[in-house]
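Q: I need the structure of the sequence given here:
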Amino acid sequence: MSKKEKVAVVALDAQSLPRAQALALRLNTAVSCDPNAVSGMVLEVSQDRLALRDTTQPRTRALTIDVAKRRYAPAGKDLLARALGRQCQSIIDATAGFGSDTFDFVRRGKAVVAIERVEVAAIMLEAASACCPGHETGGLQVVCGDAIEKIGSLKTVDVIFLDPMFPDRDRHTAKPRKAQQFLRRLAGEDADGATLLQVARLHARGRVIVKRPRHAQPLGGTPDIVYQGKAVRYDVYLAGGGVR
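A: The predicted structure is shown next:
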């Protein structure tokens, strides 16, 4: 199993120092007011945003969460909408990461609980959720912790969505996106996806959806329905009495 990286916290201005200190305490890590005094993975804290930066790659942009960034699928080709089903009103995003699927679900009008076990990612999700439409009405809740342990304590929902880390890619394929690279470094290897699927199938009211690379093996057994695109596919496992 790969070693998990720690994250330092840096306050980019004096006004942000109290917030940075609180986040550093939560992460059990160091805090600094000097960006040049920290190295490796760094959570930058300013008055208007949180950003995650890899200081070993100084010419690259920091990772931020943009809740306004939208996905556009051609008419009739929205595979995710088909995977969710027409009756889906509530979702647990059990592997929320940095929220690309989470905020997409909220924009679709679903009530969403986002679970993320990498604490710095959960912190960034919490901060971003305050800017997301639907947050004020309870349409989005962020839970920090292991989904295998947390799901059973939550209300049942129509759909549980899983997007476990994709298997390592070979040299002939493109590198994963920055968010995926950062999550792998912060979380280590993702070895319990099959167990999470079993837990999710016991708790989902309607169906469990697993996002997979197009040619990867199913996470656990043959799915009931498959929606396949050019790069990814959605494996759907129906709960008892679930509808297609």
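Q: residues contacting the nearest residue to Ser39 once chain neighbours are set aside?
A: Spatial nearest neighbour of Ser39, chain neighbours left out: Thr55 (5.2 Å); criterion: Cβ to Cβ, 6 or more residues apart in numbering. From N, CA and C alone the C-beta is placed, and that goes for glycine too. By Cβ atoms under 8 Å, 6 or more residues apart in numbering, the contact list for Thr55 reads Val38, Ser39, Gly40, Met41, Val42.
Q: any of the residues you listed buried? List them.
A: Applying 16 or more other Cβ atoms under 10 Å to these, the neighbour count classes Val38, Met41, Val42 as buried.
Q: identify, from those residues, the entry nearest to Val157.
A: Met41 (32.3 Å; Cβ to Cβ).
Q: and that closest one, backbone torsions?
A: With angles defined as degrees, to the nearest 10, Met41 sits at phi -80, psi 130.
Q: re earlier: can you redo the buried ones among the contacts of Thr55 as JSON lines with pLDDT and distance to Asp78?
A: Shown next, in JSON lines, are those (pLDDT from 0 to 100; distance: Cβ to Cβ, whole Å):
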{"residue": "Val38", "pLDDT": "88", "distance to Asp78": "42"}
{"residue": "Met41", "pLDDT": "93", "distance to Asp78": "34"}
{"residue": "Val42", "pLDDT": "96", "distance to Asp78": "37"}
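Q: starting at the chain centroid, how far to the helix or strand of the chain at the bottom of the mean pLDDT ranking?
A: When the helices and strands of the chain are compared on mean pLDDT, DSSP states H and E, helix 178-187 comes out lowest with a mean of 85. Averaging C-alpha positions (Cα atoms, centre = their mean, to the nearest Å) puts helix 178-187 11 Å from its chain's average.
Q: report the rounded mean pLDDT for the helix or strand following that helix.
A: The element immediately downstream of helix 178-187 (helix or strand, assigned by DSSP states H and E) is helix 193-203. The predicted model assigns helix 193-203 a mean pLDDT of 93.
Q: same question, stretch 77-95
A: 95.
Q: next, the distance between the ends of that stretch.
A: Start-to-end span of stretch 77-95 (Cα to Cα, to the nearest Å) is 24 Å.
Q: hmm, who's touching it?
A: Counting by Cβ under 8 Å, 6+ apart, 73, 101-102, 104-105, 108, 110-116, 147, 151, 154, 157-164, 196, 200, 203-204, 206-207, 209, 225, 227-229, 233-234, 236, 243-244 sit against stretch 77-95.
Q: could I get the contacts of Thr55 as JSON lines with secondary structure and distance to Gly188?
A: Output for those, formatted as JSON lines (DSSP: H, G, I helix; E, B strand; the rest coil; distance: Cβ to Cβ, whole Å):
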{"residue": "Val38", "secondary structure": "coil", "distance to Gly188": "22"}
{"residue": "Ser39", "secondary structure": "coil", "distance to Gly188": "20"}
{"residue": "Gly40", "secondary structure": "coil", "distance to Gly188": "15"}
{"residue": "Met41", "secondary structure": "strand", "distance to Gly188": "13"}
{"residue": "Val42", "secondary structure": "strand", "distance to Gly188": "19"}
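Q: looking at these, which one is closest to Gln217?
A: So of these, ranked by how close each gets to Gln217 (Cβ to Cβ), first place is Met41, at 30.7 Å.
Q: do you know how far that closest one is from Thr29?
A: For Met41, the distance to Thr29 equals 10 Å [Cβ to Cβ, to the nearest Å].
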